[in-house]
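# here is a sequence together with a model predicted from it:
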Amino acid sequence: MSDTQFLETANGHRIAYEKTEGKGPTILFLSGLKSDMEGTKAVALEAWAKAQGRSFLRFDYSGHGQSSGDFTDGAIGDWHEDTLAVVDTLIDGPVLVVGSSMGGWQALLLARARPGRVVGLVTIAAAPDFTEDGYWAGFSDAQKAELDREGFVSLPSDYDEAYIITKRLIEDGRDHLVLRSPLVLDMPVRFLQGTEDTAVPTAQAVKLLEHVEGDDIRLTLVKGADHRFSDDECLRTIQKMVKVVLARI
């Protein structure tokens, strides 16, 4: 078993992580919004990486899991800074990034910020720009007024307690959008998407595929899979795609 360790970042965050040593490139798992490194996909992929003798790292963003801070204080940029700190401080050499949901957005931000480090990319129900195209676009006039007046709105969730969506999360998200300007991914990229995903529609996955630029980019649709993408068959599909990307690096 890996032991949980902690990284003190320059911006004062205490980031919990678990790292497995092995051959590179290091596989880095980026979790979704309000998820953590103990999620089914993260733990299953770690077990697979260990069996393959590969370097692997999973961690909790600030305000998530065992890391410091409150979720409602965080935003896309904060979690991007956490990701950069983990990569720059804890990982030597190339990185193969696996990002789930919001972690898919974080994976794209990382690939843009560290193009020399990220050598492969796998996303699962990637949700780039969801604060703008999902939350803000879907808010009623009353909700937008409440956000401006109270600084937050509360939204129901199928996966956890209600989401508290802050005004800062929306505004900060606008500073980190990836679908409004060219995004070159000069590396093997595999996008995974379930057709029964109600959080990230298939059309969003197609939009991402059409937007990014690169010579080795594929989208795989899994019929019947939902946003969790974590049953046994989906977990095997994730492992298969990681193997495909590893073979093409």
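Arrived safely, thanks for sending. Numbering: from 1, shown residues only.

# for stretch 91-109, which positions count as buried?
91, 94-109 (16 or more other Cβ atoms under 10 Å). C-beta: built from backbone N, CA, C; applies to glycine.

# and what of stretch 106-119?
Those would be 106-112, 117-119, for stretch 106-119 by 16+ other Cβ under 10 Å.

# out of those, who's nearest residue 172?
residue 109 (12.2 Å; Cβ to Cβ).

# show me the contacts for residue 38.
Remark: with contacts taken as Cβ atoms under 8 Å, 6 or more residues apart in numbering, residue 38 is in contact with residue 65.

# quick one: pLDDT of it?
For residue 38, the pLDDT comes out at 97.

# now swap in residue 157 and tell me
For residue 157, the predicted pLDDT is 75.

# which element is the residue sitting nearest the centre point of the chain on?
Centroid-nearest residue in the chain: residue 103, 0.6 Å away (criterion: Cα atoms, centre = their mean). If you go by DSSP states H and E, residue 103 is part of helix 102-113.

# how far is the very next helix or strand once past that helix from where the chain is centred?
Where DSSP H and E defines the elements, the next helix or strand beyond helix 102-113 is strand 118-124. Strand 118-124 sits 10 Å away from the centroid of its parent chain (Cα atoms, centre = their mean, to the nearest Å).

# ok, now stretch 107-126?
That offset, for stretch 107-126, works out to 9 Å (Cα atoms, centre = their mean).

# and what of stretch 175-182?
Worked out by Cα atoms, centre = their mean, stretch 175-182 lies 16 Å from the chain centre.

# quick one: the helix holding residue 103 to strand 118-124, angle?
160 degrees (axes from the mean of the first three to the mean of the last three Cα atoms, to 10 degrees).

# counting contacts, what elements does helix 102-113 pack onto?
Applying 3 or more Cβ pairs under 8 Å, 6 or more residues apart in numbering; DSSP states H and E, one finds that helix 102-113 contacts strand 23-30, helix 76-90, strand 95-100, strand 118-124.

# what mean pLDDT does that helix have?
For helix 102-113, the per-residue pLDDT averages 98.

# that one relative to helix 76-90, how many degrees between them?
Going by the same axes, to 10 degrees, helix 102-113 makes 60 degrees with helix 76-90.

# burial of the residue nearest to residue 152 when sequence neighbours are not counted, as a residue count?
Nearest non-adjacent residue to residue 152, counting by Cβ to Cβ, 6 or more residues apart in numbering: residue 166, 4.6 Å away. If you count neighbours by other Cβ atoms under 10 Å, residue 166 ends up with 19.

# which residues are in contact with residue 166?
Here residue 166 is in contact with 72, 75, 151-152 (criterion: Cβ under 8 Å, 6+ apart).

# list only those of those residues flagged as buried.
75, 152.

# quick check, nearest of the contacts of residue 166 to residue 212?
residue 75 (23.4 Å).

# one step back: now render the helices and strands packed on helix 102-113 as a markdown table, adding distance to residue 224.
Below are the helices and strands packed on helix 102-113 laid out as a markdown table (distance: least, Cβ to Cβ, whole Å):
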| stretch | distance to residue 224 |
| --- | --- |
| strand 23-30 | 24 |
| helix 76-90 | 30 |
| strand 95-100 | 18 |
| strand 118-124 | 15 |
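
# alright, that wraps it up for me.
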